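Enquirer: No letters, just coordinates:
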């Protein structure tokens with residue numbers, strides 16, 4: 001959540017700089033976004049992450065990328081408390097635990113993408 005917030009703040013600062021608007025001018029972010037017509041950075045990042053995950057899973061050239069996604073540590077456990085999330089945890093939350101099989105079919109994978117982007121951006 002902190003990363004999403006920091007990316008959005010930086011993007012808004014860049015958009016204000018593009019328009020030559022400063023914070024004391026008190027122009028709403030919606031108005032600035034309407035003027036610049038720039039895509040929200042959180043939506044773009046979520047979409048790219050989803051596409052990258054599908055791309056890595058569909059690879060069949062023997063590289064280590066798909067193997068790393070299926071790898072489980074020897075102990076199979078994380079530390080006590082609230083463990084840090086893994087890269088694939090939020091993908092599993094949307095596509096289910098069998099997301100690797102779902103990613104093999106591009107049609108299904110692309111149809112679930114919009115749901116993933118909406119959920120991921122609503123976090124921040």
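Expert: Noted; the coordinates are in hand. Predicted, not measured: the structure shown is a model, and the values here were computed from it.
Enquirer: can you list the domains in the chain?
Expert: Listed domain ranges for the chain are 1-38, 40-73+83-124 (source: automatic domain parsing).
Enquirer: List the buried residues in stretch 81-88.
Expert: residue 88 (16 or more other C-beta atoms under 10 Å). To be clear about C-beta, it is placed using only N, CA and C from the backbone, and glycine gets the same treatment.
Enquirer: so how far is it from its chain's centroid?
Expert: 15 Å (C-alpha atoms, centre = their mean, to the nearest Å).
Enquirer: what about that stretch, start to end distance?
Expert: End-to-end distance for stretch 81-88, by C-alpha to C-alpha, to the nearest Å: 19 Å.
Enquirer: go on, stretch 20-36?
Expert: 12 Å.
Enquirer: what residues does that stretch touch?
Expert: 12, 15, 16, 18, 19, 40 (C-beta atoms under 8 Å, 6 or more residues apart in numbering).
Enquirer: Now flag whichever of those residues is closest to residue 47.
Expert: residue 40 (10.3 Å; C-beta to C-beta).
Enquirer: so how far is residue 108 from the closest one?
Expert: As judged by C-beta to C-beta, to the nearest Å, residue 40 and residue 108 stand 25 Å apart.
Enquirer: for residue 91, same thing?
Expert: Going from residue 91 to residue 108 by C-beta to C-beta gives 14 Å.
Enquirer: With neighbour numbers in mind, choose between those two.
Expert: Using other C-beta atoms under 10 Å, the more surrounded residue of residue 91 and residue 108 is residue 91, with 23 against 14.
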